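Enquirer: Kindly return the folded structure for what I paste below:
(chains A and B, ligands or ions: 4)
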Protein chains: 2
Amino acid sequence: MMNDAVPYGAIEAGGTKWVCAVGTGPDDIRALQRFPTTTPEETLRSCIEFFQRQGELQAIGIGSFGPVDLNHNSPTYGFITSTPKVGWRNADVVGAVKSALDLPVALDTDVNAALLGEVKWGAAQGLTDAIYLTVGTGFGGGAMVNGQLAHGLLHPEFGHMFVPRDPSDTFGGACSFHGDCLEGLVSGPAIEARWKAPGESLPPDHPAWRLEAGYLAYALVNMTCLLSPQRIIVGGGVGSNPALLTLVRERFQSILNGYLQADALLGGIEEYIVSPGLEGRSGILGAIALAQAEFGSVDK
Amino acid sequence: MMNDAVPYGAIEAGGTKWVCAVGTGPDDIRALQRFPTTTPEETLRSCIEFFQRQGELQAIGIGSFGPVDLNHNSPTYGFITSTPKVGWRNADVVGAVKSALDLPVALDTDVNAALLGEVKWGAAQGLTDAIYLTVGTGFGGGAMVNGQLAHGLLHPEFGHMFVPRDPSDTFGGACSFHGDCLEGLVSGPAIEARWKAPGESLPPDHPAWRLEAGYLAYALVNMTCLLSPQRIIVGGGVGSNPALLTLVRERFQSILNGYLQADALLGGIEEYIVSPGLEGRSGILGAIALAQAEFGSVDK
Ligand SMILES: Nc1ncnc2c1ncn2[C@@H]1O[C@H](COP(=O)(O)OP(=O)(O)O)[C@@H](O)[C@H]1O
Ligand SMILES: Nc1ncnc2c1ncn2[C@@H]1O[C@H](COP(=O)(O)OP(=O)(O)O)[C@@H](O)[C@H]1O
Ligand SMILES: [Zn+2]
Ligand SMILES: [Zn+2]
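Expert: Numbering: from 1, shown residues only, chains lettered A, B, ... in the order given. Ligands and ions are numbered 1, 2, ... in the order given. Okay, here's the model as predicted:
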């Protein structure tokens, strides 16, 4: 580790908390602090003051909750856009950080940042085509295709795809826009609304997990059909439940029914659908990786 | 048009016919011939003899039905792999063409080739993130992300994703692997099996179209959520039915319910979900574009 290298600043901007850090990688985090997500003014000021207390930085990387405007040609580039989160609609995150710190700023979605961290240092090292999912308060996904993070028209919004309903499940769905889109069926709040208890309190043999795994398996099949990733990483609070991934792998294979003849999807399934390698740090390390990928002169 | 430029050879390799052509683009096709898809030996020999009758060629581009092995490091690179099509399993298409003609050969899926053709000369010009679909005997999709065609582990297989069933539709689905995957619900043979009449014979006010548009709309919503394309091109025999796209656009917007705030998905929807620009020639022109993209010294 090059502990004398000028480090990067990193922000993992979430809906409930922001994490700020300074460092160059997993073994070189020199400072780290968490701030609750309050108003944009207060939260951004706390972050900026944190960085001002640090020494020299090369650049800042931000992985942010969304939707965010990632189009460099747009007048609202770097803004959080149509979020339902009170006060954050049209918050100029990149502008605030850039002007206060006078540093280059790289921005991507929280899940794209986490994916980049996993590609660089975690469970997707060496891959060019991979997906990172977070199943928690919402459902988010980031994708890398041919070694580049995918953005497109806006940026992917994996959570709002649709999968077949389980006939035994009459829950109407928790998404305020769509009812029973994927997020509306499988997020932590959806589990809690359906079973009247939060996911972390449900035992491994609770029927919630068979249902959850079935929906997630359809979602992962759709990802495999549309993007053909080399690996899918499943993170987030719900995603970390130990009862889940084994069931998801079984259902995934049973749905695909041998149609796609690739080792990774047959005998290699345990290496295809995996947990994050960076254990809760994918997002903040990914923000470092973002800054490094865009502004690092040499790959360290 | 540079009619004195050394042209490319192009093959659109389909399950029922192969199209071979020589040229440099839409306004410069110098020869074109169709061959029925019989055995690999016979079909490939016909193509090779066609090209041997032509003058000098720079390279050959092939857009092929699949699944095909696109991994350059694989011992079966350039083979058609696990197809159910009799005789074609493990057919070495690239090897046969390359060794007989002693030319560089570029290969991709039929739908990726068609997409590349549409990006270069058709309905997706200037875009970096786009999708090309064919809804016909099967359902296929090709994707471009950040200006590059997507392949990943194998290559996308859009047709086998899953969408919610319409409660009014009790048809079991026509996919031999999955029953009611997307292809099993919306392909030409699925329409014919459900309504006991081929799609081209069903009038615009037939209930088939509302149902078909509903499934396609869910599929396009899933594509938008996972890939965030700037445009989706809908080709193929079924896709060309004039009753269809207007209904698909309506249902697509009603499912998304304003969640994604992009002009293209709101007022601009007619430019977001479109028909091919190359009218039945996307595939063969795409094969020219493939050869040109991989082996063209200068972009012509
Ligand atoms: N072990 C667990 N099993 C199932 N659900 C969990 C578990 N841990 C947390 N959750 C649920 O995950 C959600 C929080 O997700 P998390 O990823 O921790 O945060 P966020 O998505 O807000 O960043 C809550 O709805 C919580 O009930
Ligand atoms: N105008 C039409 N409306 C609906 N279905 C059609 C139409 N034209 C062709 N089809 C159906 O499309 C299928 C053939 O698709 P096509 O794209 O022409 O060929 P392929 O997919 O084999 O390359 C057939 O099942 C046919 O019934
Ligand atoms: Zn939704
Ligand atoms: Zn299928």
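
Enquirer: What residues does the stretch 1-150 of chain A have near chain B?
Expert: Applying CB under 8 Å from any CB of the partner chain, we find that the stretch 1-150 of chain A lies next to chain B at A:Pro67, A:Thr81, A:Ser82, A:Thr128, A:Asp129, A:Gly141, A:Ala143, A:Val145, A:Asn146, A:Gln148, A:Ala150. Using the backbone N, CA and C atoms, a C-beta is placed for each residue, glycine as well.

Enquirer: which one of the residues you listed sits closest to A:Asn241?
Expert: The nearest member of the residues of the stretch 1-150 of chain A next to chain B to A:Asn241, counting by CB to CB, is A:Gly141 at 18.0 Å.

Enquirer: so after the one helix or strand the closest one maps to, what's the next helix or strand?
Expert: Here A:Gly141, judged by DSSP states H and E, is contained in strand A:139-145. As assigned by DSSP H and E, the chain's next helix or strand after strand A:139-145 is strand A:148-149.

Enquirer: is the next helix or strand after that next one anywhere near ligand 1?
Expert: Remark: after strand A:148-149, the chain's next helix or strand is helix A:182-186, criterion DSSP H and E. No - using CB under 6 Å from any ligand atom, we find that helix A:182-186 stays clear of ligand 1, coming within 10.3 Å at best.

Enquirer: what's the offset of helix A:182-186 from the middle of its chain?
Expert: Chain-centre distance of helix A:182-186: 16 Å, with CA atoms, centre = their mean, to the nearest Å.

Enquirer: Only the C-alpha atoms, please, for the strand holding A:Gly141, written as PDB.
Expert: Extracted as PDB, the C-alpha positions of strand A:139-145 are listed here (Å, rounded to 0.1, in the frame of the first residue of the first chain):
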ATOM      1  CA  PHE A 139     -33.800  -2.300  -4.500                       C
ATOM      2  CA  GLY A 140     -31.000  -0.900  -6.600                       C
ATOM      3  CA  GLY A 141     -28.700  -2.300  -9.200                       C
ATOM      4  CA  GLY A 142     -25.500  -1.200 -11.000                       C
ATOM      5  CA  ALA A 143     -24.100  -2.800 -14.100                       C
ATOM      6  CA  MET A 144     -20.700  -3.000 -15.800                       C
ATOM      7  CA  VAL A 145     -20.600  -3.900 -19.500                       C
END
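
Enquirer: And the closest residue to A:Ala91 other than its chain neighbours, how far from A:Leu32?
Expert: Leaving aside its chain neighbours, A:Ala91 sits nearest to A:Pro40 (3.9 Å; criterion: CB to CB, 6 or more residues apart in numbering or on different chains). Using CB to CB, to the nearest Å, A:Pro40 is found at 21 Å from A:Leu32.

Enquirer: Neighbour count for those two, which is higher?
Expert: Higher neighbour count among A:Pro40 and A:Leu32: A:Pro40, with 18 against 14, using other CB atoms under 10 Å in any protein chain shown.

Enquirer: Now do the SS call for A:Gly9.
Expert: Secondary structure assignment for A:Gly9 (DSSP: H, G, I helix; E, B strand; the rest coil): strand.

Enquirer: How about A:Ile131?
Expert: Following three-state DSSP, the label given to A:Ile131 is strand.

Enquirer: By proximity to ligand 2, which residue of chain A wins?
Expert: Closest approach between chain A and ligand 2, counting by CB to the nearest ligand atom: A:Cys225, at 17.8 Å.

Enquirer: Name the nearest residue to that residue, ignoring sequence neighbours.
Expert: Of all residues not flanking A:Cys225 in the chain, B:Met161 sits nearest, at 4.2 Å (CB to CB, 6+ apart).

Enquirer: residues in contact with that neighbour?
Expert: Residues counted as contacts of B:Met161 (CB atoms under 8 Å, 6 or more residues apart in numbering or on different chains) are A:Val221, A:Asn222, A:Cys225, A:Leu226, B:Cys181, B:Leu182, B:Ala219, B:Asn222.

Enquirer: ok, 6 Å please
Expert: Contact analysis of B:Met161 by CB atoms under 6 Å, 6 or more residues apart in numbering or on different chains lists A:Asn222, A:Cys225, B:Leu182.

Enquirer: ok, now A:Gln52?
Expert: Going by CB under 6 Å, 6+ apart, A:Gln52 touches no other residue.

Enquirer: how near is it to A:Trp121?
Expert: 27 Å.

Enquirer: Please apply the same query to A:Thr38.
Expert: For A:Thr38 relative to A:Trp121 (CB to CB), the value is 31 Å.

Enquirer: before we move on, back to that, next, format the contacts of B:Met161 as CSV and append pLDDT and neighbour count.
Expert: CSV is the format used below for the contacts of B:Met161 (pLDDT from 0 to 100; neighbours: other CB atoms under 10 Å in any protein chain shown):
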residue, pLDDT, neighbour count
A:Asn222, 98, 28
A:Cys225, 98, 24
B:Leu182, 98, 27
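
Enquirer: which one among those gets closest to A:Pro242?
Expert: Distances from A:Pro242 to those, taken as CB to CB, are shortest for A:Asn222 (24.5 Å).

Enquirer: so which strand or helix has that closest one?
Expert: For A:Asn222, the host element (DSSP H and E) is helix A:207-227.

Enquirer: Strand B:139-145 and that helix, what's the angle between them?
Expert: Relative orientation of helix A:207-227 and strand B:139-145, computed by axes from the mean of the first three to the mean of the last three CA atoms, to 10 degrees: 80 degrees.
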